[in-house]
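**Student:** Predicted model and sequence follow; I will ask about them next.
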Amino acid sequence: MAIITLNNNSLSSVTSLPAGVGGKVLQVVQGFNATNTETTSTTYSDNISVNITPSSTSSKIFILVTTPIRKVNSNASDTGAGLRILKDGSNLVEYAFYMAWHSNASQYNQETNSFNYLDSPSTTSQITYKSQFKTMSSPGQISVNHDGSYSTLTLMEIAGWL
């Protein structure tokens, strides 16, 4: 039987990766939401919240968000949807006007919006990431997670370069 070693150490004695090793996925956590929500609010509403605890201060967190959204009312021109990610309650990145339907778009036009972001949290404490949505203009009305669809928020801890 072969003995597996890393830098001349048995695997049981390895406590960290060798210098220069990075980019490996260390952990993956995911949340999803299948609750259909319609809104005319221009204030952000919560969609999904997920916690992750990085194993190293050099780790990166790769964030993947997928949100199915549709325009509900056809009489509101230039309805758009705003999406954003919060990190521990503070705005991390915002995709306002990420998608929009113009006045010639019919009722129930829909799109699935996916975006990603690479965060460098520099901590080993638990972090809460949250996805949110809103309509960009009143009287616009949007719906998320409609007709059996669902949103996901996926977090991947990526080993940093030492």
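**Tutor:** Good, I have the coordinates.

**Student:** CA only for contacts and neighbour counts going forward, please
**Tutor:** Will do.

**Student:** low pLDDT regions in the chain?
**Tutor:** Scanning the chain for pLDDT under 70 picks out 1-21, 73-78, 96-110, 162.

**Student:** Just list the residues touching the most centrally placed residue in the chain, thanks.
**Tutor:** For the chain, the residue sitting closest to the mean C-alpha position, by CA atoms, centre = their mean, is V65 at 3.4 Å. Contacts for V65 (CA atoms under 8 Å, 6 or more residues apart in numbering) come out as 113-116, 131, 151-154.

**Student:** Can you tell me which of these is nearest P54?
**Tutor:** Set against P54, the nearest of the contacts of V65 by CA to CA is T154 (14.2 Å).

**Student:** helices and strands around the helix or strand containing the closest one, which ones?
**Tutor:** Under DSSP states H and E, the secondary-structure element containing T154 is strand 151-158. In terms of contacts (3 or more CA pairs under 8 Å, 6 or more residues apart in numbering; DSSP states H and E), strand 151-158 is packed against strand 25-33, strand 45-52, strand 60-71.

**Student:** Quick one: closest of those to L83.
**Tutor:** strand 60-71 (8.7 Å).

**Student:** Can you list the neighbours in contact with stretch 47-56?
**Tutor:** With CA under 8 Å, 6+ apart as the criterion, stretch 47-56 contacts 29-33, 122-133, 151-153, 155, 157, 159.

**Student:** So which residues of this protein form strands?
**Tutor:** When assigned using DSSP state E, the strands of the chain occupy the ranges 5-6, 9-10, 25-33, 37-39, 45-52, 60-71, 80-87, 90-100, 110-119, 127-135, 142-144, 151-158.
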